[in-house]
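>>> Predicted coordinates and the sequence they were generated for:
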Amino acid sequence: MKYRIEKDTMGEVQVPADKYWGAQTERSRNNFKIGPAASMPKEIIEGFAYLKKAAAYANYDLGVLPIEKRDAIAAVCDEILEGKLDDQFPLVIWQTGSGTQSNMNVNEVIANRAQVLKGFEIGEGEQFIKANDDVNKSQSSNDTFPTGMHIAAYKMVVETTIPGIEKLHATLAKKAAEFKDVVKIGRTHLMDATPLTLGQEISGYAAQLAFGLKALKNTLSHLSEIALGGTAVGTGLNTPKGYDVKVAEYIAKFTNHPFVTAENKFEALAAHDAIVETHGALKQLAVSLNKIANDVRMLASGPRSGIGEIHIPENEPGSSIMPGKVNPTQCEALTMVCAQVIGNDMAIAVGGMQGHYELNVFKPVMAANFLQSAQLLGDACVSFDEHCAQGIEPNHKRIKELVDNSLMLVTALNTKIGYYKAAEIAQTAHKNGTTLKEEAVRLGYVTPEDFDAWVKPEDMV
Ligand SMILES: O=C(O)C[C@H](O)C(=O)O
């Protein structure tokens, strides 16, 4: 491999000759060889591209950056957003907790690439544009990284998570309406209970997702606040007057999302409660989805020895050894995603509680876990919707068999003959392996005609 020499305040560093990054990125690459698979998420780099472009525009408007530099910075940011420089961001999340090295990685790439676009050779020195003085002007890692986090998190939630959950919600709401008259047995404590309709049961799932979506959307206003303009500790040192509001306006314009400057920059740097808050809603959704997927797989269990009240799509052979076996694989994938999201929530909570004085230094791990959860939930809902939920159908024969056999239909007799006599009927039928009607009549508590009139599953829902 060919190298060139780059310099920073600590001295010279050898950098791969064909890369745009500089000395500080290379130092991070050498000093943090921790899990190469844990790359800084692409969405964070894109967040940086938006904010560096916005900063260049705000700096120009406020008279602290010439127009040639603004346009050069913006041109490289656009290249980053188009994915043209994807191989220029090699750092991992296990680095400085402020994300300084990723901020500098972006600054170095933008400066070097801008120089090349201007006609200089890569590594010719900062002749036209400087990474710290120009690209990082009016900024610190301490306000850029949280801004990048919020841009990435907001976009992922609004563009991936919410649409995915809404799609599954729409299917469940449709199924709830479609199966509104399918009377089935209810279960509480996993034991037989009184009947309800399959539509009612599924409507509960749809309502869970509706509440989850509401909770998620409620957190968006906090997430739309950005830290940029706070610089090192929140005071805004080294920024021109009005910069924070203006830079937020540009970010809103470039991303098409309603970002605003954070009301309190000290909170925005020192704590990441907005990330904790929105991820709390993602956790709520994971809890709901886990319950829904578990119910679906148990209702679909069998085909001969399980509950088997619903059919779900048979998507692939389930077993390498048991011929003809088909498994509820979408439920398994979705519940694994839920486990991951709930684990991520703990990492985010631990990261969030660690703000010391003016700076939270768990930013990369919080951002990476958040983005993983938000993407996984959105994608898993689409997968579960298309390959499972849309194909849910009642197994009418099995549903009827279990309703007809149920001892808990006796509950309808409570108001006619009292709880104790009704319990005696159920217990005797269970012991003798007979039907409720047989025992009710034999014990002399109910006539056959009254039993038929009173114990009607369809009237019990
Ligand atoms: O990188 C910066 O801009 C600041 C750094 O995170 C620090 O506070 O030491």
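Looks like it came in fine. Numbering: from 1, shown residues only.

>>> ok, the nearest residue to residue 165 once chain neighbours are set aside - how many residues close by?
Spatial nearest neighbour of residue 165, chain neighbours left out: residue 381 (5.0 Å); criterion: Cβ to Cβ, 6 or more residues apart in numbering. Where you see a C-beta, it was placed from the backbone N, CA and C, and this is true even at glycine. Neighbour count of residue 381, defined by other Cβ atoms under 10 Å: 27.

>>> who's in contact with residue 381?
By Cβ atoms under 8 Å, 6 or more residues apart in numbering, the contact set of residue 381 is 164, 165, 167, 168, 289, 334.

>>> The fourth one against residue 383, yeah?
No. Between residue 168 and residue 383 no contact is recorded; they are 9.5 Å apart, counting by Cβ atoms under 8 Å.

>>> okay, those two: which has more neighbours?
Comparing residue 168 with residue 383 by neighbour count (other Cβ under 10 Å), the higher total belongs to residue 168, at 26 against 18.

>>> Next secondary structure element downstream of the helix or strand hosting that one?
Taking DSSP states H and E as the definition, residue 168 sits inside helix 162-178. Per DSSP H and E, helix 162-178 leads on to strand 183-188 as the next helix or strand towards the C-terminus.

>>> Tell me the secondary structure at the nearest residue to residue 65 once chain neighbours are set aside.
Nearest residue to residue 65, sequence neighbours excluded (Cβ to Cβ, 6+ apart): residue 59, at 3.7 Å. Put simply, residue 59 is helix when judged by DSSP: H, G, I helix; E, B strand; the rest coil.

>>> quick one: contacts for residue 59?
Contacts of residue 59 (Cβ under 8 Å, 6+ apart): 65, 70, 137, 138, 240, 243.

>>> ChimeraX command for the buried members of the contacts of residue 381?
Typed into ChimeraX, the line below selects the buried ones among the contacts of residue 381, using 16 or more other Cβ atoms under 10 Å:
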select :164,165,167,168,289,334
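
>>> The helix or strand harbouring residue 147 and the ligand, any residue contact?
Following DSSP H and E, one finds residue 147 within helix 141-156. Yes. Helix 141-156 reaches the ligand (Cβ under 6 Å from any ligand atom) through 141, 142.

>>> Which strands and helices lie in contact with that helix?
helix 42-61, helix 100-117, helix 220-223, strand 225-226, helix 243-255, helix 265-270, helix 273-299, helix 363-387 (3 or more Cβ pairs under 8 Å, 6 or more residues apart in numbering; DSSP states H and E).

>>> Quick one: closest of the ones you listed to the ligand.
helix 100-117 (3.6 Å; Cβ to the nearest ligand atom).

>>> Centre of the chain to the closest one, how far?
30 Å (Cα atoms, centre = their mean, to the nearest Å).

>>> May I see the buried residues of it?
100-116.

>>> filter these by proximity to the ligand?
Among those, the ligand is touched by residue 100 when using Cβ under 6 Å from any ligand atom.

>>> on that earlier part again, how far off centre is the helix holding residue 168?
That offset, for helix 162-178, works out to 17 Å (Cα atoms, centre = their mean).

>>> give the contact list for residue 212.
165, 281, 284, 285, 288.

>>> would you list those residues in TSV and tack on pLDDT and distance to residue 353?
As requested, those are exported to TSV (pLDDT from 0 to 100; distance: Cβ to Cβ, whole Å):
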residue	pLDDT	distance to residue 353
165	98	27
281	98	18
284	98	19
285	99	22
288	98	25
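
>>> Can you say which of these are buried?
Using 16+ other Cβ under 10 Å, the buried ones in those are 165, 281, 284, 285, 288.

>>> Turn those residues into a markdown table, columns for distance to residue 254.
A markdown table is the format used below for those (distance: Cβ to Cβ, whole Å):
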| residue | distance to residue 254 |
| --- | --- |
| 165 | 26 |
| 281 | 26 |
| 284 | 31 |
| 285 | 29 |
| 288 | 34 |
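
>>> what residue of the protein is the furthest out?
residue 444 (59.3 Å; Cα atoms, centre = their mean).

>>> tally of neighbours for residue 125?
Neighbour tally, residue 125, other Cβ under 10 Å: 11.

>>> So residue 439 is in contact with residue 428, correct?
Yes. Judged on Cβ under 8 Å, residue 439 makes contact with residue 428 at a distance of 4.6 Å.

>>> Between the two, which has more neighbouring residues?
Ranked by neighbour count (other Cβ under 10 Å), residue 439 and residue 428 place residue 439 first, with 22 against 16.

>>> ok, and for the helix or strand that one falls within, which residues are buried?
Using DSSP H and E, residue 439 falls within helix 436-442. Using 16+ other Cβ under 10 Å as the test for burial, helix 436-442 gives 436, 437, 439, 440, 441.

>>> didn't the fourth one look like it was pressed against residue 412?
Right, the one you point to is residue 440. No. Using Cβ under 8 Å, residue 440 is not in contact with residue 412; the gap is 10.9 Å.

>>> Around the ligand, which positions in the stretch 101-250 of the chain sit nearby?
140, 141, 142, 232.

>>> which of these tops the neighbour count?
residue 142 (26 neighbours).

>>> how near is it to residue 360?
9 Å (Cβ to Cβ, to the nearest Å).

>>> Repeat that for residue 243.
Residue 243 sits 22 Å away from residue 360, going by Cβ to Cβ.

>>> Return the backbone torsion pair for the closest residue to residue 271 other than its chain neighbours.
In this structure, residue 271 finds its nearest non-sequential neighbour in residue 355, 4.8 Å apart by Cβ to Cβ, 6+ apart. When read as degrees, to the nearest 10, the backbone of residue 355 gives phi -70, psi 120.

>>> can you pull the pLDDT of residue 355?
Residue 355 is assigned 81 on the pLDDT scale.

>>> mind listing what it touches?
270, 271, 272, 361.

>>> Nearest to the ligand among those residues?
The closest of those, once distances to the ligand are taken by Cβ to the nearest ligand atom, is residue 361, at 7.8 Å.

>>> quick check, that closest one in a strand?
No. Counting by three-state DSSP, residue 361 is not found in a strand; it is coil.

>>> What's the local residue count around the closest residue to residue 53 other than its chain neighbours?
Once flanking residues are discounted, residue 53 sits nearest to residue 77: 3.8 Å by Cβ to Cβ, 6+ apart. When counting by other Cβ under 10 Å, one arrives at 27 neighbours for residue 77.

>>> Is residue 244 in contact with residue 265, as I believe?
Yes. The criterion here is Cβ under 8 Å, and residue 244 meets it with residue 265 at 7.4 Å.

>>> and for those two, which residues touch both?
229, 230, 236.

>>> three-state assignment of the first one?
I take that to be residue 229. Classified using three-state DSSP, residue 229 is coil.

>>> what's near enough to touch the residue of the stretch 201-350 of the chain found nearest the ligand?
Relative to the ligand, the nearest point of the stretch 201-350 of the chain is residue 232 (5.7 Å; Cβ to the nearest ligand atom). Counting by Cβ under 8 Å, 6+ apart, residue 232 touches 140, 142, 143, 358.

>>> could I get these as JSON lines with pLDDT?
What follows is the contacts of residue 232, written out as JSON lines (pLDDT from 0 to 100):
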{"residue": "140", "pLDDT": "98"}
{"residue": "142", "pLDDT": "98"}
{"residue": "143", "pLDDT": "98"}
{"residue": "358", "pLDDT": "98"}
